[in-house]
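Undergrad: just to be clear, the model below is a prediction. Sequence and coordinates:
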Amino acid sequence: MKILTAAQTRQLDQATMRAQHITSVELMERAAGALAEWFYGAFPHERGEILVLCGPGNNGGDGLALARLLHNAGYAVRVALLPTAHPSADWQHNRQHLPGGVPVAELAADALPALAPGALVVDALFGTGLARPLAGLAAAVAAHLHQARARVVAVDLPSGLLADGPQPDPGAPVVRADYTLSFGLPKLAFLLPQNAEYVGEWHVLDIGLDQGFIDQAATPWHFTPLHDASVALPRRARFGYKNTFGHALLLAGSRGKMGAAVLSAGACLRGGAGLLTAHIPGGGYDIFQTTRPEAMCLTDAQANFISELPDLGPYQAVGIGPGLGQEDATRAVLAQLLRTATVPLVIDADALNLLGAHRELLALLPPNTVLTPHIGEFTRLTEKAHDDYHRLDLLREFAQKYRCVVVLKGAYTAVGAPDGQVYFNSTGNPGMGTGGSGDVLTGLVLALRADQRLGPLHAARLAVLAHGHAGDLAAAATGEAGLIASDLVAHIGPALQALTE
Ligand SMILES: NC(=O)C1=CN([C@@H]2O[C@H](COP(=O)(O)OP(=O)(O)OC[C@H]3O[C@@H](n4cnc5c(N)ncnc54)[C@H](OP(=O)(O)O)[C@@H]3O)[C@@H](O)[C@H]2O)[C@@H](O)CC1
Ligand SMILES: [K+]
């Protein structure tokens, strides 16, 4: 699913009207109808009065049309208008069609509407036409909503927030919505941690926007829903056997962190690898073999860390990093791996930290390597980003420069591809913020990289999607707080099953 800019969204409106021979008023009516349907579902028994705040443009027009539909459906509705000398044409149309039974007032700075705590408010002040930061009356209204602890439903965007870029004045007020209802496609702003306090829970409402325009629109940003044909797992061949599905090598673990190797290995096995060999510090042998009997095990001469690179001949993919530690001898192993590997690599955790601390090694990264940093590890590889948008720029630059796939882990994990495209993940939940969660992802990516049917981008996107879905399945059983990384491993099977072609 593509993510478009505000400017592209305006073009999409026009293209939709042309392609479907409808007027802008008709498109607005569709938008308002979709908003009303969402309200009926979300607030079926709302008894209190709903305050609809309308700005001067088409966002306000949506609000006016919604107020009419809610009133006609039996809700108590009141409208407050931002004073304007130049309302949009569709605003005027919907103002004229507002039933006489809906009270309408103009907002004024010295008489902001009284709101009981928890009052339901629709924010239809500004959407994609926001031209400058909120100031004056609009800023006062945003602050008032926050102070009154109203429940705010934002139409298209929380007013004051830009759809696709950083705020020019980060100090200017923005409406803090509990829900944001966007039309057709998600907005980039929804996916970034810095905007979470404004956007709240967001939903995309289908209003039949022109697919032809969307298909040809150029954008680096994509959103991967749970079911996306382009990342599905191909079925296993009926006559396949363990060698068909790939033999993975995992280099992981150090004293005190053997659990990382165990978790990662479990995920690799559950991820469908035909065979898995783990190379671990000698002291971890008993732990590993008793907890992961399905895997083969090579032990290092060192008891507490890894100092030797095994012969890579038998393997279709190699993963390195979980629980690795950052010994000099281990760095030498990483460097030797980067120099000699001819099969796909997956690099995580301390292997990324070693790369960050010895950046000369980055030049050795083989193309199509998959790296799985969290924000801290990514910062060590690049630089400190001044905001989430800048971090996305750094992600694109890094993936293009090193021709790698970079999985930047977070609430909407962003997978950066060598061609500069970025794919945001839709699955997962805060319960996955728990020790070992990343090690599980590494094992899963490794399994899918050993599967020679999948390219690096497909493997990385599918692994991220399945990892998040496993987290959602696990959380349904344990709750978010009770979720631990072993639960993720246990749910990889059903998650992949749900994502199979
Ligand atoms: N996308 C879709 O498919 C569909 C989109 N639709 C809806 O259209 C919305 C976009 O409508 P839009 O283009 O009229 O812009 P909108 O956000 O109402 O604001 C423009 C007005 O605000 C003013 N203004 C701007 N900033 C300001 C500020 N800080 N402080 C004060 N004033 C400010 C600006 O005035 P000006 O800058 O000219 O002075 C102008 O008057 C979109 O978000 C969605 O809700 C649906 O109806 C149909 C399907
Ligand atoms: K809005």
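TA: Received the coordinates, thanks. Numbering: from 1, shown residues only. Ligands and ions are numbered 1, 2, ... in the order given.
Undergrad: spell out which residues of the stretch 101-250 of the chain are next to ligand 2.
TA: By the rule Cβ under 5 Å from the ion, the part of the stretch 101-250 of the chain lying against ligand 2 is D123, G127, A154, V155, S159. To be clear about C-beta, it is placed using only N, CA and C from the backbone, and glycine gets the same treatment.
Undergrad: what's the residue lying closest to V153 once chain neighbours are set aside sitting at in phi/psi?
TA: Of all residues not flanking V153 in the chain, Y179 sits nearest, at 4.7 Å (Cβ to Cβ, 6 or more residues apart in numbering). In terms of degrees, to the nearest 10, the main-chain angles of Y179 are phi -140, psi 140.
Undergrad: what sits against Y179?
TA: Residues near Y179 by Cβ atoms under 8 Å, 6 or more residues apart in numbering: A42, V152, V153, A154, G200, E201, W202, H203.
Undergrad: which ones among those residues map onto strands?
TA: When DSSP state E defines the strands, the subset of the contacts of Y179 inside them is V152, V153, A154, E201, W202, H203.
Undergrad: I'd guessed the fourth one sits against F190; true?
TA: No: between E201 and F190 there is no contact, the gap being 10.0 Å when judged by Cβ atoms under 8 Å.
Undergrad: helix or strand: which one has V25?
TA: Per DSSP states H and E, V25 falls inside helix 24-42.
Undergrad: now do the SS call for the residue of the stretch 251-400 of the chain found nearest ligand 1.
TA: For the stretch 251-400 of the chain, the residue closest to ligand 1 is Y389, as judged by Cβ to the nearest ligand atom, at 19.7 Å. Recorded secondary structure, Y389: helix (DSSP: H, G, I helix; E, B strand; the rest coil).
Undergrad: quick one, what contacts it?
TA: Counted by Cβ under 8 Å, 6+ apart, Y389 has contacts G165, P166, L192.
Undergrad: do that again at 10 Å, thanks
TA: L162, D164, G165, P166, Q167, L188, A189, L192, Q194 (Cβ atoms under 10 Å, 6 or more residues apart in numbering).
Undergrad: out of the residues you listed, which comes closest to S230?
TA: L188 (19.8 Å; Cβ to Cβ).
Undergrad: would you map out the domains in the chain?
TA: 6-218, 244-498 (automatic domain parsing).
Undergrad: next, the buried residues of stretch 183-195.
TA: Residues F183, G184, L185, P186, K187, L188, A189, F190, L191, L192, N195 are the ones in stretch 183-195 that count as buried (16 or more other Cβ atoms under 10 Å).
Undergrad: surely the second one touches H203?
TA: It refers to G184. No: contact criterion Cβ atoms under 10 Å: G184 and H203 do not qualify, at 11.6 Å.
Undergrad: could you tell me which residues touch both of those two?
TA: A34.
Undergrad: next, give phi and psi for the residue in the stretch 201-350 of the chain positioned nearest to ligand 1.
TA: Closest approach of the stretch 201-350 of the chain to ligand 1 (Cβ to the nearest ligand atom) occurs at L209, with a separation of 5.7 Å. Note on L209: its backbone torsions stand at phi -70, psi 150 [degrees, to the nearest 10].
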